[in-house]
Structure formats: structure tokens, C-alpha cells
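Participant: Structure, please.
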Amino acid sequence: MSLSIRNQLSGTVIAVSTGPAMATVKIRLDSGRELTAAVTAEAVADLGIFPGGTVNALMKASEVALATAPVDGLSIRNQLPGTVTSVTPGAAMAVVRVAIEGGITLTSAITKEAVDELGLAAGSPVVALIKATEISLSTS
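Facilitator: Predicted coordinates for the structure are as follows:
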């Protein structure tokens, strides 16, 4: 299946915490970094997600926020440091590509105004911020 979702990161499930309706799934990426996804408990069961299994973490570019440094006091669990590799500005929005550890490239779609205010350009250090609820999971 082909998807329009640009960000597809593979990893190994290291923990699953399931409640009556929702579950959190902790994933270790090939780079060693960890991600947390919040999905329905039904999805965990239907996809057969278990510790030690492999999953793909999927996130739309519009759900990847960028900061110029790690952010403390924030509920967003997923903070991935990286370096901007390119900025493609448009009239209102921009596409920013970020290299993170392990040879992974993330794509972020943010406003042109945010790019300008943050001074983002190729070579800029950034932290990609992704809410756990904005990560979808797939299995093979």
C-alpha cells in the first residue's frame, strides 16, 4: 500500500500499556531513539502489537512541529533532535526536511512565518516535536 504520509519510521515495540479504550506503545527506532504512540486498545489487538514486535510509526508532515531547542515542561513526549537539510517555502506554508539520527529524514509542514521567526535554514539545529496521539501505527 502506498501512502501520502511522508514520515514512516520503523522500530521495535519495547512496551505496551493498554487501558479500556486507549493504549500507549513505546517504540525504539533503529537509531536507538524512542517514540511513544497513543492508539486505541482495539488497534493494538487488531494489529497484534506486542513487545519485541516491529511496527511502522506514521505521522503527517503537518503534525511535526519544530523548535530550535529541547522544550521542558511540555506534554509532548516525542522530541527528536536533528538538523534542517532543506526548506522549501511557499506563499503561506513551508516544507522543512530534518535529518535525525540513524539516517532518518522527517518532513515538517509549518507556516512560512514560523520558518522566518525561527530563522530556519539548511544547517539549523532543531527538535522535531510530535504528539503521541498524532502517530499512527502499522504492521507488516
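
Participant: average pLDDT for stretch 125-135?
Facilitator: Averaging pLDDT along stretch 125-135 gives 97.

Participant: buried stuff in that stretch?
Facilitator: 126, 127, 128, 129, 130, 131, 132, 134, 135 (16 or more other C-beta atoms under 10 Å). Every residue, glycine included, has its C-beta placed from N, CA and C.

Participant: Can you pull out the low-pLDDT segments for the protein?
Facilitator: Low-confidence segments of the chain (pLDDT under 70): 1.

Participant: so where do the helices sit in it?
Facilitator: In the chain, the helices defined using DSSP state H lie at 41-47, 112-118.

Participant: got the buried residues for the last one?
Facilitator: When neighbours are counted by 16+ other C-beta under 10 Å, the buried residues of helix 112-118 are found to be 115, 118.

Participant: again, but for the first one
Facilitator: Of the residues in helix 41-47, those buried by neighbour count under the rule 16+ other C-beta under 10 Å are 43, 44.

Participant: so what secondary structure elements neighbour it?
Facilitator: strand 7-18, strand 22-29, strand 136-138 (3 or more C-beta pairs under 8 Å, 6 or more residues apart in numbering; DSSP states H and E).

Participant: Out of those strands, which is closest to residue 87?
Facilitator: Residue 87 lies closest to strand 7-18 among those, at 16.7 Å (C-beta to C-beta).

Participant: Which parts of that closest one count as buried, going by neighbours?
Facilitator: Neighbour counts using 16+ other C-beta under 10 Å place 7, 9, 11, 13, 16, 18 of strand 7-18 among the buried residues.
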